[in-house]
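A.B. asks: fold the stuff below for me.
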Amino acid sequence: MALYDGLMNPTTTIRIPVLTRDMLADVAKWKGQSLAYCVNDLAKREWRIAVVASEHEAALADAANPEAVAEYELWDATVGDDLPT
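C.D. replies: Numbering: from 1, shown residues only. Reported below is the predicted structural model:
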């Protein structure tokens, strides 16, 4: 998935329940935003949450893998080797 580049993106239509559209419209109104901006903002927020969760899961998997732990320990040892960074 490409990150939002700040430029005008092409648009599309999605089919959602009317109640969902109404709730999103309320949120957009409360925030003083257009519905499209509000949906985009919510989607970006959820995308970031999913990325962080994925990274967390990967870190937990690495922590349970003895080979990965050993490699991390080797890298951590290089911090104290007094070599310039």
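
A.B. asks: every contact and neighbour count from this point should use C-alpha atoms.
C.D. replies: Fine.

A.B. asks: and K29, helix, strand or coil?
C.D. replies: Recorded secondary structure, K29: helix (DSSP: H, G, I helix; E, B strand; the rest coil).

A.B. asks: and the residue lying closest to it once chain neighbours are set aside, backbone torsions?
C.D. replies: Closest residue to K29 apart from its sequence neighbours, by Cα to Cα, 6 or more residues apart in numbering: L35 at 7.9 Å. When quoted as degrees, to the nearest 10, the phi and psi of L35 stand at phi -60, psi -40.

A.B. asks: next one: I16
C.D. replies: phi -130, psi 160.

A.B. asks: neighbouring contacts of the helix or strand of the chain with the lowest mean pLDDT?
C.D. replies: Every helix and strand in the chain was compared by mean pLDDT, DSSP states H and E; the lowest is helix 66-79, with a mean of 86. By Cα atoms under 8 Å, 6 or more residues apart in numbering, the residues outside helix 66-79 that reach it are D62, A63.

A.B. asks: may I have it exported as CSV, CA atoms only?
C.D. replies: C-alpha atoms of helix 66-79 as CSV (Å, rounded to 0.1, in the frame of the first residue of the first chain):
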residue,chain,number,x,y,z
PRO,A,66,16.5,-18.3,19.9
GLU,A,67,18.4,-17.6,16.6
ALA,A,68,16.9,-14.2,16.3
VAL,A,69,17.7,-13.4,20.0
ALA,A,70,21.3,-14.5,19.5
GLU,A,71,21.6,-12.2,16.5
TYR,A,72,20.2,-9.3,18.4
GLU,A,73,22.7,-10.0,21.2
LEU,A,74,25.5,-9.9,18.7
TRP,A,75,24.3,-6.5,17.3
ASP,A,76,23.8,-5.2,20.8
ALA,A,77,27.4,-6.1,21.6
THR,A,78,28.6,-3.8,18.8
VAL,A,79,27.2,-0.8,20.7
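
A.B. asks: now do that helix: distance to the chain's middle.
C.D. replies: Relative to its chain's centre, helix 66-79 lies at 27 Å (Cα atoms, centre = their mean, to the nearest Å).
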